[in-house]
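Q: Model the structure of this input:
(one chain, ligands or ions: 1)
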Amino acid sequence: MLKSAVLRLATLAVVLLLLLSRTGAQRLRDPSKRMAAAPPKAHAKGQCCEDVRALKVQVANLTSLLEELTRKQDTVVRQMIDLDHQNRQQEARVTEAESKYSEINNRVEIMQLQAAQSVTQTSSDAIYDCASLYSRNYKISGEYKLPADEFLGTPDLEVFCDMDTNGGGWTVIQRRKVGLTSFDRDWKQYRKGFGAIRGDFWLGNDNIFRLTRQPTVLRIELEDWEGETRYAEYQYFTLSNELNSYKLFIANYSGNAGQDSLRYHNNTNFSTKNKDNDKCVDDCAQLRKGGYWYNCCTDSNLNGVYYRYGEHTRNSDGITWYGWHGPNYSLKRVEMKIRPQNFQP
Ligand SMILES: [Ca+2]
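A: Residues are numbered from 1 along each chain as shown. Purely as a prediction, here's the structure:
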């Protein structure tokens, strides 16, 4: 708008100037011609000069107005250039911010992906055993079902959780207390597990192997026929896989069960009545009538024959723990349980 006003004024000024230069100049420079055509009267001459003066004043006014407008226009143009510059700067900043945002977004996505992968791999959130159930506020001892683990490719598993003993979080892997289930079983049955989860059972070597993939504590609880109890704990416990005959690894014994009676079985393979992997000329599994990490043959036989009160001191194939009651005393109750080393009650 300002521009068009300025243009209009400029045009007007130019027209006026032209008019002036034609009339005024002609009259002044060539007065004879004019006078010849029309002899001037005193009155007319005075009138003409008045007109020229008025026109000159107008032109001067218009010129100064034009100059002022031109200055204003320059200012506006400069301001517009400034604004345009600022605008470009803003746009550049926005672009920069956008690219930074997208970069951060990418990083966040990568971190989320890594986090998701590590969750799958460490299973810190997965229900992996009784300890993970405990940390999810399942704090009552009893039967639980661990869901299938897609990452490890294993099916769901029924377990018994001891949520009371020494802070809880224990997955029971073996129990002897009723005495009606035979533990004189073959390799395949020991691999899969057998028995009743609320009564006497073996959780299965494959399952124990899987559960001890993380650093694991083993706790063995014993009870004799007088109602006395003892326990043995190993801060380190794991099995090798089936190809390596579920070899036993234990360390760091503590407890009150006398001399450590599992140490003799450390670093030995698992044997059953149909698989003699022991370190003996004899067939220990057949002699002791169980599946165990037989050496030559025993310092303990927790999967031996269940003998009732009265019969419990007559045989060497009973449920024994030499460090407490020697080689011929079959115990009334045994429980073997595990939990991760890093478990926090
Ligand atoms: Ca042998």
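
Q: right, and I319 touches S330 too?
A: Yes - with contact defined as CB atoms under 8 Å, I319 reaches S330; the gap is 4.8 Å. In short, each C-beta sits where N, CA and C put it, glycine included.

Q: Neighbour count for these two, which is higher?
A: Comparing I319 with S330 by other CB atoms under 10 Å, the one with more neighbours is S330, at 28 against 24.

Q: who touches that one in this structure?
A: Contacts for S330 (CB atoms under 8 Å, 6 or more residues apart in numbering) come out as 304-307, 311-313, 315, 318-320.

Q: so which of those residues is the most crowded?
A: Using other CB under 10 Å as the neighbour test, the contacts of S330 are led by T320, with 26 neighbours.

Q: how much space between it and the ion?
A: 19 Å (CB to the ion, to the nearest Å).

Q: what's near enough to touch that residue?
A: Contact analysis of T320 by CB under 8 Å, 6+ apart lists 298, 300-302, 304, 326-331.

Q: Need the nearest residue in space to it, chain neighbours excluded.
A: N301 (4.7 Å; CB to CB, 6 or more residues apart in numbering).

Q: surely that neighbour meets G290?
A: Yes - taking contacts as CB under 8 Å, N301 lies within contact range of G290: 6.2 Å.

Q: Mind listing the shared neighbours of these two?
A: Contacts common to N301 and G290, judged by CB under 8 Å, 6+ apart, are D317.

Q: what residues do I319 and S330 have in common as contacts?
A: Counting by CB under 8 Å, 6+ apart, the residues touching both I319 and S330 are 304-307.

Q: quick check, nearest of the residues you listed to the ion?
A: Nearest to the ion out of these is G304 (CB to the ion; 16.9 Å).

Q: you'd agree E221 is in a strand?
A: Yes - E221 forms part of a strand when assessed by DSSP: H, G, I helix; E, B strand; the rest coil.

Q: Please name the residues that touch it.
A: 165, 229-231, 333-337.

Q: I'd like to know how far it sits from the ion.
A: 30 Å.

Q: Let me know whether D317 touches Q286 as I believe.
A: No - the pair D317 and Q286 fails to qualify as a contact (CB under 8 Å) at a distance of 9.5 Å.

Q: just to revisit the earlier point, pull out the buried residues from the contacts of E221.
A: Listed as buried from those are 165, 230-231, 333-337; burial here means 16 or more other CB atoms under 10 Å.

Q: among those, which are in strands?
A: Counted as lying in strands by DSSP state E, out of the buried ones among the contacts of E221, are 230-231, 333-337.

Q: Would you reformat these as JSON lines and include distance to the ion and pLDDT?
A: What follows is these, written out as JSON lines (distance: CB to the ion, whole Å; pLDDT from 0 to 100):
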{"residue": "R230", "distance to the ion": "30", "pLDDT": "98"}
{"residue": "Y231", "distance to the ion": "30", "pLDDT": "98"}
{"residue": "R333", "distance to the ion": "29", "pLDDT": "98"}
{"residue": "V334", "distance to the ion": "24", "pLDDT": "98"}
{"residue": "E335", "distance to the ion": "28", "pLDDT": "98"}
{"residue": "M336", "distance to the ion": "24", "pLDDT": "98"}
{"residue": "K337", "distance to the ion": "29", "pLDDT": "98"}
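
Q: want to throw those into JSON lines with distance to C49?
A: Shown next, in JSON lines, are those (distance: CB to CB, whole Å):
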{"residue": "R230", "distance to C49": "138"}
{"residue": "Y231", "distance to C49": "133"}
{"residue": "R333", "distance to C49": "139"}
{"residue": "V334", "distance to C49": "137"}
{"residue": "E335", "distance to C49": "132"}
{"residue": "M336", "distance to C49": "131"}
{"residue": "K337", "distance to C49": "127"}
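
Q: Please enumerate the helices of this structure.
A: For the chain, the helices defined by DSSP state H cover 2-29, 31-37, 42-122, 130-135, 187-192, 205-211, 284-288, 322-325.

Q: By mean pLDDT, show me the worst of these.
A: Within these, confidence is poorest for helix 31-37, with a mean of 43 (mean pLDDT).

Q: Report the contact partners of K289.
A: So K289 contacts 183-184, 273, 304-305, 317 (CB under 8 Å, 6+ apart).

Q: quick one: stretch 274-287 near the ion?
A: Yes - counting by CB under 5 Å from the ion, the ion is contacted by stretch 274-287 at 276, 278, 280.

Q: Closest one of those to V178?
A: Distances from V178 to the residues of stretch 274-287 next to the ion, taken as CB to CB, are shortest for D278 (27.7 Å).

Q: what about that closest one, neighbour count?
A: D278 is flanked by 24 other residues according to other CB under 10 Å.

Q: what's the spacing between the residue nearest to it when sequence neighbours are not counted and the ion?
A: The shortest distance from D278 to any non-neighbouring residue, by CB to CB, 6+ apart, is to Y294 (3.8 Å). For Y294, the distance to the ion equals 8 Å [CB to the ion].
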